[in-house]
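1. Predicted model and sequence follow; I will ask about them next.
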Amino acid sequence: MKIGLFYGSTTCYTEMAAEKIQQHFAENLTIKPELAVELFNIKDIPLSKIDDFDLVILGISTWDYGQIQEDWEGHWEDIARLNLSGKIIALYGMGDQVGYTEWFQDALGMLHEQVVAQDGFVIGYWPTQGYEFEASKALTEDNSQFVGLSLDEDNQYEQSDVRISQWCQQIRGEIVEIIESV
């Protein structure tokens, strides 16, 4: 199973999270060598590269009043041309739950909608406990989970490493379940 992590990063926080995710997967390569993660900054590579991977992790940040990050904005229409059918997709997002409380993680939710519209199989949903915000497009229908890992480097920086670690364990487990069921 080939894993590719694609991210867009203006302030480097999404990139730093990508590197931490890659590191968490690398720690278990002796147990599951097929879980190595290759990193790609979408500023430098076309999204069509996603075709080369069985599992794809996508990282996006929400800007200002619910806007997508500029690198993703430049590739947004490309998502509709991807064939994600049969691909396992995990998502993570960066946002500011205090400064932009009405738009927290909106870009994550918008990316999730795009992935689902292309028949991607999404894993890695994340609980909303521990966050305080007014609204988000990144919530599941029952509002109990985000559609992917939610990080807030502005207000909860000290929780990011733990959340990344727990999420990586969670999606590794979900991946192993999928592999074993095939």
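-> The structure has been received and is ready for your questions. Quick caveat: nothing in here was measured; it's all calculated off a predicted structure.
2. Poorly predicted segments of this protein, please.
-> Residues of the chain meeting the criterion pLDDT under 70: 28-35.
3. Try it again at 50.
-> Segments of the chain classed as low confidence (criterion: pLDDT under 50) are 31.
4. Longest helix in it, please.
-> Across the chain, the longest stretch assigned as helix under DSSP state H is helix 157-181.
5. got the buried residues for it?
-> 160, 163-164, 167-168, 170-172, 174-175 (16 or more other CB atoms under 10 Å). Every residue, glycine included, has its C-beta placed from N, CA and C.
6. residues making contact with that helix?
-> Here helix 157-181 makes contact (CB atoms under 8 Å, 6 or more residues apart in numbering) with 1, 17, 20-21, 24-25, 28, 32, 34-35, 55, 57, 88, 90, 92, 123-124, 126, 130, 149-153.
7. try 7 Å this time
-> Here helix 157-181 makes contact (CB atoms under 7 Å, 6 or more residues apart in numbering) with 1, 17, 20-21, 24-25, 28, 35, 55, 88, 90, 123-124, 126, 149, 151, 153.
8. ditto for stretch 125-138
-> 66, 93, 97, 101-102, 104-106, 108-110, 112, 139-140, 143-150, 167.
9. I'd like to know how far F121 sits from S48.
-> 19 Å (CB to CB, to the nearest Å).
10. actually W126, not the one I wrote
-> With CB to CB as the criterion, W126 and S48 are 28 Å apart.
11. With neighbour numbers in mind, choose between these two.
-> When W126 and S48 are compared for neighbours, W126 comes out ahead with 26 against 12, by other CB atoms under 10 Å.
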